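In: Take a look and give me a structure for this.
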Amino acid sequence: MARLRSFQRLAAHFVDIADFLLVYIEEAHPSDGWVSSDAAYNIPKHQCLQDRLRAAQLMKEGAPDCPLAVDTMDNASSAAYGAYFERLYVIQEEKVMYQGGRGPEGYKISELRTWLDQYKTRLQSPSTVVIQV
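Out: This next block holds a predicted model:
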């Protein structure tokens, strides 16, 4: 839950330069599977899309200001982005500009914050245009 709050703070800080989206994927530690001792919720493995949608609502409660999408039951988004179980991305014009490490160890909000700070600086820097006549 703390990671989700950190993500929401990051999204609020950079709302002027980026759109943020949470994508809920397959549950990392389902209560009827590989259970984590620090799991914030008791969520069984999703048997259907409705199960996944209900579980995603819990994530939405942790970051109410962020739009939320839910992966398909065949885990197409997770497979396409190697997100298993959590990962941070920046995508611009259909191109991956930043890819964080796989969570939990590689999930680093501070790394993404640095990337966004640098991007914002580039946006605010006057660019030089040379016109040859």
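
In: Helices along this protein, start to end?
Out: 2-13, 49-62, 76-81, 109-124 (DSSP state H).

In: mind checking which of the ones you listed is nearest residue 32?
Out: helix 49-62 (11.3 Å; CB to CB). C-beta: built from backbone N, CA, C; applies to glycine.

In: Which positions within the closest one qualify as buried?
Out: For helix 49-62, a neighbour-count test (16 or more other CB atoms under 10 Å) marks 51-52, 55-56, 59-60, 62 as buried.

In: again with stretch 22-29
Out: By neighbour count with 16+ other CB under 10 Å, stretch 22-29 contains the buried residues 22-27, 29.

In: can you put those residues in a markdown table and add pLDDT and distance to residue 122?
Out: Shown next, in a markdown table, are the buried residues of stretch 22-29 (pLDDT from 0 to 100; distance: CB to CB, whole Å):
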| residue | pLDDT | distance to residue 122 |
| --- | --- | --- |
| 22 | 91 | 26 |
| 23 | 92 | 26 |
| 24 | 90 | 31 |
| 25 | 90 | 31 |
| 26 | 85 | 35 |
| 27 | 79 | 37 |
| 29 | 70 | 38 |
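
In: which stretches of this protein have low pLDDT?
Out: For the chain, the stretches with pLDDT under 70 are 1, 33-41, 127-133.

In: Recalculate using a threshold of 90.
Out: Along the chain, segments meeting pLDDT under 90 span 1-6, 26-46, 58-66, 78, 81-86, 93, 102-106, 123-133.
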